[in-house]
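Visitor: here is my input; please provide its structure:
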Amino acid sequence: SSQSSPQLTLLMFLGCALEELSWAACRGNDQLEEPGLSPYDLAALCEAHPELCRELLGLERPSGSIERCRPLHEPPLHDDRVLLIHDSRDARCQAVLHALLRLYGPVCRCLDLEDREAVREALARVDPELPEEAIVQPRSISAVLPTGVFIAGCETYSRILLFELDYWVHVVPPTAAAVLDFEECFAGPLRFLREAASVAVATPMGGRPPCNPGDPEPPPRWWLAEEVLALVSRSLAEKRFAVIDGFLPEARVRGLAATARAVHAAGRLEPGTLYGGGAWLGSPEENRGDWLNIGAVPRKWCVRGDFLGFFGDEDVRAPGLGALSAETDRLVTRLREGGEGLTEETASRLSCVTLREDTMIATYSGRLRGRYMKHLDSDRGAALTAILYLNEGWSPEDGGALRLYQKGHESTKARADILPEWNRLLLFWADDDCPHEVLPTRRDRSAMTVWYMDSKAVLAAPGGPARLVPGHGPKLTSVAPLPLKEACIRAGADAEEVQRMVALRAALLGQPGCESVGEDDLRHLAALRRLLPSGPQAADADLPEECAGCGGAMAGGALGTGEFEGRGFCPTCWAVWDRRLASVGAVLEGHEARHYQCIRARRGEP
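Guide: Below you'll find the predicted structure:
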């Protein structure tokens, strides 16, 4: 029939390979005495679920997804099951359900929504706060994951569910042997050294140690001891990650935790979904299946559930961040230097690191079961990731672990699950040595992250030097104790271009060095300042808020005189003006000197 040619064409193309999908649909439901789907309805169903058809046909999956799953005949290595709540009276639902069970039966548990008592009991077992009214809908299929997250509307959009089923089929959690090996080789020895350092502080004159060696606080930077550095360096080389508990003094980490809470409460953290998701999910404009969870529905599936923001050490909105970056700089610098007891591999991999980004503050919502799907950190040129966790009293039941995978973005074998415990610093390589994800969290979870960059690659990339200037995303800063200009030149950057960017940076941040801003760049300052989240304000109440020269915030400066009376100019404009006047004065002095030289020559004077 010509009026249904698109559906018929699709059905003819798929042919008998649709047998698995159409089996339940075409035979109908004998118990309910209902007919199955017509061929045209079946073709429409296939159009709505192309990914499911690809699975059954053995076609290649979209780029970025986990390797295509073969039909399972044996249960996976874990006991977790995905709960599928379906309407058994709807032929369309039954067709999709049959196809899902054909592929993923051993990881699924099915419940008919008509059996409300069994459904309520099952939901309560997973999470008592799951919204029954959003999950149990007529003529629909909903999925509830073991993590307490639900996916609705699977009868019309199955792609998200297929991804999750692939995940529960293929992903292998860290083995008990791997966990024990890390404990014996690294975690245990580091804990012993930390407690030994604490005892040494608590008994300075040879007094009796406390009953519990874990109670006293270790001295600041206890991790700079050679034995500790050797373990951290070897852990990065062998395991590709390292964990340092008790990284900062208690008072300092409490201050950082207060800062994280304050910036979140002030609304300065944006949803992580604004920073993009996996390409295999489709475009944000489509948002099929609501994978962004636009309405922020609690417990509903989302590609990521974090809120984040980047803040520089000098940012008044997030005080105290320099206390973290100064310490991570010391640690990374010492690991980069290498030396006796430290592994050559770690030092070599850090040799490219002379720059880092602004610190990222991130919070994951327990109410939303915040998570972040598997990814790499190397997209902006990062070489090493350093995360400080700020969560007191964390337990495995709270979820939210950072799961590190074996090498390769497509890897499904986890090497470690790191709980986000209080004052714990986690280091790992940012490339495909360490694909990672944040597992769904049941409590609000906060962390601060510093990314250490492959400086040569970052500065060589298009627009790389511009990242030294605020307003171009997370700005680059030198790894202490290197000065910024030297850090860039070591990475092979052009010295003249770096000097120009450093001057602009100083002007925007109100720091020394702004006097070298070129006149051509002066007109860019106002536009750049508008990109800043909050620029520095004029210190003098009598000064205007905006510079009459460049249009930026005053941040000091002074009023003009004469024809410029009543107009304020920022320190950068004054510096450029003074330099210009000095240049003109030098020219005039030269003219005057030559004039008097001519007069003396006419008089015959020497």
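Visitor: in stretch 83-97, what's buried?
Guide: Burial within stretch 83-97, assessed by neighbour count using 16 or more other CB atoms under 10 Å, is assigned to 83-88, 90-97. Where C-beta positions appear, they are placed from N, C-alpha and C, glycine not excepted.
Visitor: element containing residue 142, please.
Guide: Assessed by DSSP states H and E, residue 142 sits inside strand 141-144.
Visitor: quick revisit: export the buried residues of stretch 83-97 as a markdown table, with columns for secondary structure.
Guide: Below are the buried residues of stretch 83-97 laid out as a markdown table (DSSP: H, G, I helix; E, B strand; the rest coil):
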| residue | secondary structure |
| --- | --- |
| 83 | strand |
| 84 | strand |
| 85 | strand |
| 86 | strand |
| 87 | coil |
| 88 | coil |
| 90 | coil |
| 91 | helix |
| 92 | helix |
| 93 | helix |
| 94 | helix |
| 95 | helix |
| 96 | helix |
| 97 | helix |
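Visitor: what helices or strands is the strand holding residue 142 leaning on?
Guide: Secondary-structure packing of strand 141-144 (3 or more CB pairs under 8 Å, 6 or more residues apart in numbering; DSSP states H and E): strand 82-86, helix 91-104, helix 116-126, helix 132-135, strand 150-151.
Visitor: can you rerun that using 10 Å?
Guide: strand 82-86, helix 91-104, strand 108-112, helix 116-126, helix 132-135, strand 150-151, helix 159-170 (3 or more CB pairs under 10 Å, 6 or more residues apart in numbering; DSSP states H and E).
Visitor: nearest to residue 200, of the buried residues of stretch 83-97?
Guide: Nearest to residue 200 out of these is residue 83 (CB to CB; 53.3 Å).
Visitor: re the thing from before, could you dump the strand holding residue 142 to PDB, C-alpha only?
Guide: Only the C-alpha atoms of strand 141-144 are listed here, as PDB (Å, rounded to 0.1, in the frame of the first residue of the first chain):
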ATOM      1  CA  ILE A 141       7.500   0.200  30.900                       C
ATOM      2  CA  SER A 142       9.600   1.700  33.700                       C
ATOM      3  CA  ALA A 143      13.000   0.500  34.900                       C
ATOM      4  CA  VAL A 144      14.400   0.700  38.400                       C
END
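Visitor: ok, that strand: who's next to it in the sheet?
Guide: Here strand 141-144 is paired, per DSSP bridges, with strand 82-86 (antiparallel), strand 150-151 (antiparallel).
Visitor: ok so, going back, out of the helices and strands packed on strand 141-144, indicate the one that is most buried.
Guide: strand 150-151 (a mean of 24; mean count of other CB atoms under 10 Å).
Visitor: contacting residues around that strand?
Guide: The contact list for strand 150-151 (CB atoms under 10 Å, 6 or more residues apart in numbering) reads 82-85, 123, 126-127, 130-132, 134-135, 141-145, 157-158, 160-161, 163-164, 289-291, 297-301, 369.
Visitor: and if we set it to 6 Å?
Guide: The contact list for strand 150-151 (CB atoms under 6 Å, 6 or more residues apart in numbering) reads 135, 142, 143, 144, 160, 161, 299, 301.
Visitor: helix/strand/coil for residue 373?
Guide: Classified using three-state DSSP, residue 373 is strand.
Visitor: show me the contacts for it.
Guide: Applying CB under 6 Å, 6+ apart to residue 373 gives the contacts 303, 437.
Visitor: now the helix or strand harbouring residue 189: buried residues?
Guide: Using DSSP H and E, residue 189 maps to helix 188-202. Neighbour-count burial for helix 188-202, counted by 16+ other CB under 10 Å, picks out 189, 190, 193, 194, 195, 197, 198, 199, 202.
Visitor: from these, which has minimum pLDDT?
Guide: The member of the buried residues of helix 188-202 with the lowest pLDDT is residue 202, at 61.
Visitor: what mean pLDDT does the strand holding residue 142 get?
Guide: For strand 141-144, mean pLDDT is 96.
Visitor: low pLDDT regions in the protein?
Guide: Where the chain drops to pLDDT under 70, the residues are 1-79, 201-215, 275-288, 513-543, 545-546, 548-557, 559-566, 569-606.
Visitor: okay, now the domains of it?
Guide: Per the TED database, the structural domains of the chain span 82-170, 172-200+218-285+297-453, 459-529, 544-583.
Visitor: just to revisit the earlier point, now tabulate the strands paired with strand 141-144 in a markdown table and tack on distance to residue 547.
Guide: Below are the strands paired with strand 141-144 laid out as a markdown table (distance: least, CB to CB, whole Å):
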| stretch | distance to residue 547 |
| --- | --- |
| strand 82-86 | 60 |
| strand 150-151 | 53 |
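Visitor: mind checking those for the one nearest to residue 489?
Guide: Per CB to CB, nearest to residue 489 of the strands paired with strand 141-144: strand 150-151, 51.7 Å.
Visitor: quick revisit: which among the buried residues of helix 188-202 gets closest to residue 317?
Guide: Set against residue 317, the nearest of the buried residues of helix 188-202 by CB to CB is residue 194 (32.8 Å).
Visitor: for the closest one, what are its contacts?
Guide: Per CB under 6 Å, 6+ apart, neighbours of residue 194: 218, 246.
Visitor: let's see that with 8 Å instead.
Guide: By CB atoms under 8 Å, 6 or more residues apart in numbering, the residues touching residue 194 are 218, 222, 228, 245, 246.
Visitor: ok so, going back, dump the buried residues of stretch 83-97 into TSV; add distance to residue 400 as well.
Guide: Shown next, in TSV, are the buried residues of stretch 83-97 (distance: CB to CB, whole Å):
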residue	distance to residue 400
83	22
84	26
85	26
86	30
87	34
88	36
90	37
91	41
92	37
93	34
94	37
95	37
96	32
97	32
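Visitor: which one of those is nearest residue 356?
Guide: Nearest to residue 356, judged by CB to CB, of those is residue 83 at 43.9 Å.
Visitor: beta partners for the closest one?
Guide: The residues listed as beta-bridge partners of residue 83 by DSSP bridges are residue 109, residue 144.
Visitor: correct me, but it touches residue 141?
Guide: No - counting by CB atoms under 8 Å, residue 83 stays clear of residue 141, with 10.9 Å between them.
Visitor: stretch 143-151: end-to-end distance?
Guide: In stretch 143-151, first residue to last residue: 5 Å (CA to CA, to the nearest Å).
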